[in-house]
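Q: Here is the input, now give the coordinates:
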Amino acid sequence: MMRVVSVFVASCLIASSASAQQLVIPSSFADDATAAAPADAGEQAHPAAVEYSHGYEVRAVVHRMASFAMLPLFVTDLALGQSLYDSSTDPKRTAHVAVGAAIGGLFAVNTVTGAWNLWESRKDTNHRGRRLAHGLLMLGADAGFFATAATAPDRDSAAGLSNFAADRSRHRALALTSIGLASASYLIMLFGGHD
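A: Alright, predicted model coming up:
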């Protein structure tokens, strides 16, 4: 009877432990739980514990730390872009390109670490929807930032100033849309609960 109570308590702890990433159950409990579990196929078993690698933890730390730079880079690049919109100078353009390149590098690092960890966590049902929404929004932002860089207006192009205003507006719209997607995705992870 004491073993059945122990198995029941262990099962309750497993079910209520939403934040545990690694869970080790002594083999005597696991054997008892299997023996005590009803053979009825209609009942669902508890989800299996998911064990994350050390690499997952390292990538998660890199991903989180890099993410802290995202919003300040966005604000800086938006301010530089607006300043360029108002009056264009070479130093402003150089700074805007440099901050844009930093955003591209940040997104490259976070795309690799985030996608790799999303793949490793694919069997973990805990907060799966939130992780998937974050990943899809960030991939959309990645594509948007790529398009933003590709559509950067060029005053010295063969088309000259005739297409410059349209190119500038398209570049700005893509940048603002991408920043919006990335910020929404960031906030989903920041305020959406903790794993």
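
Q: Ala149 and Phe107: what is the separation?
A: 11 Å (Cβ to Cβ, to the nearest Å). Just so you know, the C-beta spots here come from the backbone N, C-alpha and C atoms, and that holds for glycine as well.

Q: Give me the helices and strands touching the host helix or strand of Thr113, please.
A: Assigned by DSSP states H and E, Thr113 belongs to helix 90-120. Applying 3 or more Cβ pairs under 8 Å, 6 or more residues apart in numbering; DSSP states H and E, we find helix 90-120 packed against helix 54-67, helix 70-86, helix 128-150.

Q: How about the contacts made by Ile188?
A: By Cβ atoms under 8 Å, 6 or more residues apart in numbering, the residues touching Ile188 are 130, 133-134, 137.

Q: dump the residue contacts of Ala182.
A: Contacts of Ala182 (Cβ under 8 Å, 6+ apart): 70, 74, 107, 137-138, 141, 145.

Q: so which of those residues comes closest to Tyr52?
A: The shortest approach to Tyr52 among the contacts of Ala182 belongs to Met138, at 20.0 Å (Cβ to Cβ).

Q: Now the closest one: closest residue in space, sequence neighbours ignored.
A: In space, and not counting its chain neighbours, Met138 is closest to Ser185: 4.9 Å by Cβ to Cβ, 6 or more residues apart in numbering.

Q: Same question for Thr111.
A: Closest residue to Thr111 apart from its sequence neighbours, by Cβ to Cβ, 6+ apart: Asp142 at 5.7 Å.

Q: same deal with Val50?
A: Nearest residue to Val50 in three dimensions, chain neighbours excluded: Asp124, at 4.2 Å (Cβ to Cβ, 6+ apart).

Q: And what about the one you found, helix, strand or coil?
A: Three-state assignment for Asp124 (DSSP: H, G, I helix; E, B strand; the rest coil): coil.

Q: and it, how many neighbours?
A: 17 (other Cβ atoms under 10 Å).

Q: Can you check the pLDDT for it?
A: Per-residue confidence (pLDDT) for Asp124: 87.

Q: on that earlier part again, export the helices and strands packed on helix 90-120 to a markdown table and tack on distance to Arg93?
A: Formatted as a markdown table, the helices and strands packed on helix 90-120 follow (distance: least, Cβ to Cβ, whole Å):
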| stretch | distance to Arg93 |
| --- | --- |
| helix 54-67 | 26 |
| helix 70-86 | 6 |
| helix 128-150 | 14 |
